[in-house]
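J.: dropping the sequence and predicted coords here.
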Amino acid sequence: MTEPLVASSDATNISTRIERDGDEYVINGRKWFISGSADQRCKIFIVMGKTDPGAETHRQQSMVLVERDTPGMTIERHLPVMGYQDQHGHSEIVFDDVRVPATNLVRGEGDGFMIAQARLGPGRIHHAMRAIGMAERALGLMVSRAQERTAFGGPLIEQGVVQEQIANSRLEIDQARLLVQKTAWLIDQGGAKAARGEISQIKVAAPAALSAVVDRAIDVFGAAGVTEDFPIARFAAIARTLRIVDGPDAVHRRTIARVETRRERPYVESAAPTSPAPAE
């Protein structure tokens with residue numbers, strides 16, 4: 001989905017064209033941050049583009065399958081994130097008159113946006129789960145480091161500020177975990193649409209918790225925390241990136257606010273208090 005030439009936080013902006021030509025579709029466009037593309041085992045790409053720019057906004061996009069060795073498709077470069085290269089890669093890909101059989105269309109023309117949204121809901125839960133896992137690991141490393149290191153005459157673990165950092169980290173991790181579990185339960189009960197607000201909540205809350213925990217871990221590790229000797233610096237890069245992928249925080253906060261303003265309140269607002277009658 002993601003493209004360098006448009007604001008990809010709004011998927012309706014997609015500019016890649018997928019045009020029907022007889023028994024084939026012809027694809028032209030540029031994508032980037034395409035997950036898994038640097039790994040040679042990735043043989044099939046699911047490409048989203050516009051098949052009908054004149055259709056209703058959410059019916060313009062479609063998805064087609066493109067094999068890795070299809071002529072006209074070029075992986076131009078891999079994109080490290082803050083200096084770190086993901087093992088499966090995030091790459092920039094150019095499609096120049098790429099032809100695929102019409103049978104490679106996924107579902108039907110105009111179904112691309114619907115397919116994307118169906119995938120993004122559960123996908124955001126996966127992001128949140130990974131964030132919690134990294135936060136747990138960062139907290140474990142922080143505690144071990146504080147127990148092992150001595151400063152100003154005693155173990156770091158005995159410093160009040162370090163104890164506060166550990167306590168706050170535990171609070172934030174468990175709060176995020178419970179919200180993720182609630183969201184997963186809501187999806188099980190009624191699908192992603194029934195958990196729209198909660199999905200956006202965890203997409204904001206889990207990376208925020210991870211960022212906070214990782215930042216405290218760097219404090220406790222000191223200079224070692226920003227080296228590649230430990231995974232903490234990588235976690236910091238991932239945490240910042242998670243606040244962008246699958247919708248930036250600002251977009252999810254907007255969704256949360258919209259859901260909240262439509263929510264049926266469990267109470268009735270009381271009438272404004274009246275001024276007491278003047279004493280006679």
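T.: Received the coordinates, thanks.
J.: need the strands for this structure, in chain order.
T.: 17-21, 24-35, 44-50, 61-67, 73-78, 90-101, 150-151, 154-155 (DSSP state E).
J.: counting contacts, what elements does the longest helix anywhere in the chain pack onto?
T.: Counting by DSSP state H, the longest helix found in the chain is helix 112-148. If you count contacts as 3 or more CB pairs under 8 Å, 6 or more residues apart in numbering; DSSP states H and E, helix 112-148 packs onto strand 44-50, strand 61-67, strand 154-155, helix 160-190, helix 196-221, helix 232-242. C-beta here means a position set from N, CA and C on the backbone, and glycine is covered the same way.
J.: reformat these as CSV; add mean pLDDT.
T.: Shown next, in CSV, are those (pLDDT from 0 to 100):
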stretch, mean pLDDT
strand 44-50, 97
strand 61-67, 97
strand 154-155, 94
helix 160-190, 97
helix 196-221, 97
helix 232-242, 96
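J.: hey, which of the ones you listed is tucked in deepest?
T.: helix 196-221 (a mean of 23; mean count of other CB atoms under 10 Å).
J.: name the residues that touch stretch 236-246?
T.: The contact list for stretch 236-246, computed with CB atoms under 8 Å, 6 or more residues apart in numbering, reads 33, 81-84, 120, 123-124, 127, 131, 134, 203-204, 206-208, 210-211, 214-215, 218, 249.
J.: pull that stretch out as CSV, backbone CA atoms only.
T.: Included here for stretch 236-246 are C-alpha records, laid out as CSV according to Å, rounded to 0.1, in the frame of the first residue of the first chain:
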residue,chain,number,x,y,z
ALA,A,236,13.9,2.5,20.4
ALA,A,237,13.9,2.7,16.6
ILE,A,238,11.1,0.1,16.3
ALA,A,239,9.0,1.9,18.9
ARG,A,240,9.3,5.2,17.0
THR,A,241,8.5,3.5,13.8
LEU,A,242,5.4,1.8,15.2
ARG,A,243,3.9,5.2,15.8
ILE,A,244,3.7,5.6,12.0
VAL,A,245,3.1,2.2,10.5
ASP,A,246,-0.5,1.1,9.8
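J.: mind checking how far residue 155 is from residue 165?
T.: Residue 155 sits 14 Å away from residue 165, going by CB to CB, to the nearest Å.
J.: circling back: turn the helices and strands packed on helix 112-148 into CSV, including distance to residue 16.
T.: Supplementary listing: the helices and strands packed on helix 112-148 in CSV, determined by distance: least, CB to CB, whole Å:
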stretch, distance to residue 16
strand 44-50, 4
strand 61-67, 9
strand 154-155, 56
helix 160-190, 29
helix 196-221, 25
helix 232-242, 23
